[in-house]
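Enquirer: Based on what follows, work out the 3D shape:
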Amino acid sequence: MGKRLTENLSSLYIGAANSLKPKRARRKIVAYVESYDDISFWRSLLSEYEDETRYFEVMLPSNNSLAKGKKTVLMNQLGNQLGENMIACVDSDYDYLLQGRTNTSKYINNNPYVLQTYAYAIENYHCYAEGLHEVCVTATLNDHMLIDFPAFMKLYSQIAYPLFIWSVWFYRKHILSEFSLLDFCSYVKIEQVSTRHPEHSLEVMAKKVNRKLHDLERRHANAIPEIEAMKKEFKTLGVYPENTYLFIQGHHIMDNVVMRLLVPVCTVPRREREQQIHDLALHDMQLHNELTSYQRSLIGVDVVIHKNTNYKQSELYQKIKSDIERFLKIMEKKKIQK
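Expert: Residues are numbered from 1 along each chain as shown. The predicted structure is shown next:
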């Protein structure tokens, strides 16, 4: 049986290997990620910091196992092997918001060799509201704007925010049996969206959220001062009522909010374009050819959304870049000391 890659490699080992290369050779920094889906995001980000002196190699922590997940990556496989030649890149989940109240949270928030997303996960970045119209345009080849996506996601976030605070509070108190992440997500999903009245789906969600809020406030009245204090604390962490969707479970936001919005919204401009082709076609052959050409050019919304990179101007993305720059300064400082 071959050993795991991380049993053979450590930051010190990679550093020693780097020192054997010619002086002009670039230093390799290994960046471990949690799953195959994460490689593209971190590759795109880290490549901005490559130059004639260094480059990054993004990979999974094991070359003979499909095991994935943050705890596997950090605790079981990498441990204290991280350093200036080996880093870990992970989804924050709730660990950023837990602010050191668990061992994993403490490790992720305090280790300069761990880069985190700050948003719950990479999926949240793909759902970045300011890029959703472009997703629709790419998927439909039609620039007709039906919905103000940033306004919709802002309103969604404002409705979800009070219950979101409670969700994190339960995590901080380690009493998930009463209100788990799954429970929370069941209240902040949207049902069928009407393209004419998209606000209706949010009104339905708001009623469910408010009922649960009243229930929690009644059963945990003593916790309300803590909840209010958390709202103030969260502002210092970049969490506001308007951007809550970035901190809610990524798969949930993608599958049960954004895709439920995008699919009906993108269906309308596709049908408009097809109708336009019908109206302008001079004969059946032209109609067939134009429709076939249009339909072959279309890309599924579920594919396009994973190419949404408008998040690069977001505050959270800039926080990751600041962490990378801090890491590089540490690396340069140690290089000088040697």
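Enquirer: Name the SS class of residue 213, please.
Expert: Classification of residue 213 using DSSP: H, G, I helix; E, B strand; the rest coil returns helix.
Enquirer: wait, it sits on residue 164?
Expert: No: the criterion here is Cβ atoms under 8 Å, and residue 213 misses it with residue 164 at 10.7 Å. In short, each C-beta sits where N, CA and C put it, glycine included.
Enquirer: So for those two, which sits in the more crowded spot?
Expert: Per other Cβ atoms under 10 Å, whichever of residue 213 and residue 164 has more neighbours is residue 164, with 23 against 15.
Enquirer: Show the pLDDT at the more buried one.
Expert: In the prediction, the pLDDT value recorded for residue 164 is 98.
Enquirer: Which residues are in contact with it?
Expert: Residues near residue 164 by Cβ atoms under 8 Å, 6 or more residues apart in numbering: 184, 188, 244, 247, 248.
Enquirer: same thing but 10 Å
Expert: 97, 157, 184, 187-188, 209, 234, 239, 241, 244-245, 247-248 (Cβ atoms under 10 Å, 6 or more residues apart in numbering).
Enquirer: And residue 276, how far from residue 139?
Expert: Per Cβ to Cβ, to the nearest Å, residue 276 is found 17 Å from residue 139.
Enquirer: got a pLDDT number for the nearest residue to residue 206 once chain neighbours are set aside?
Expert: Excluding the flanking residues, the one nearest residue 206 by Cβ to Cβ, 6 or more residues apart in numbering is residue 159, at 4.8 Å. You'll see residue 159 listed with a pLDDT of 98.
Enquirer: what's around residue 159, how many residues?
Expert: 23.
Enquirer: tell me which element it is part of?
Expert: Taking DSSP states H and E as the criterion, residue 159 maps to helix 149-173.
Enquirer: Going toward the C-terminus from that helix, what's the next helix or strand?
Expert: helix 181-187.
Enquirer: Buried residues, that next one. List them.
Expert: The neighbour-count check on helix 181-187 (16 or more other Cβ atoms under 10 Å) flags 181, 184, 185, 187 as buried.
Enquirer: Quick check: closest non-adjacent residue to the residue nearest to the spatial centre of the chain.
Expert: In the chain, the C-alpha nearest the mean C-alpha coordinate belongs to residue 122, at 2.3 Å (Cα atoms, centre = their mean). Among residues not flanking residue 122 along the chain, residue 41 sits closest, at 4.8 Å (Cβ to Cβ, 6+ apart).
Enquirer: how far away is that neighbour from residue 79?
Expert: For residue 41 relative to residue 79 (Cβ to Cβ), the value is 24 Å.
Enquirer: Just want to know which of these two has more residues nearby.
Expert: In terms of neighbours (other Cβ under 10 Å), residue 41 is the more surrounded of residue 41 and residue 79; the figures are 23 against 11.
Enquirer: where does this structure dip in pLDDT?
Expert: Applying pLDDT under 70 to the chain picks out residues 1-24, 62-77, 269, 336-338.
Enquirer: residue furthest from the geometric center of it?
Expert: Most distant residue from the mean C-alpha position of the chain: residue 283, 47.7 Å away (Cα atoms, centre = their mean).
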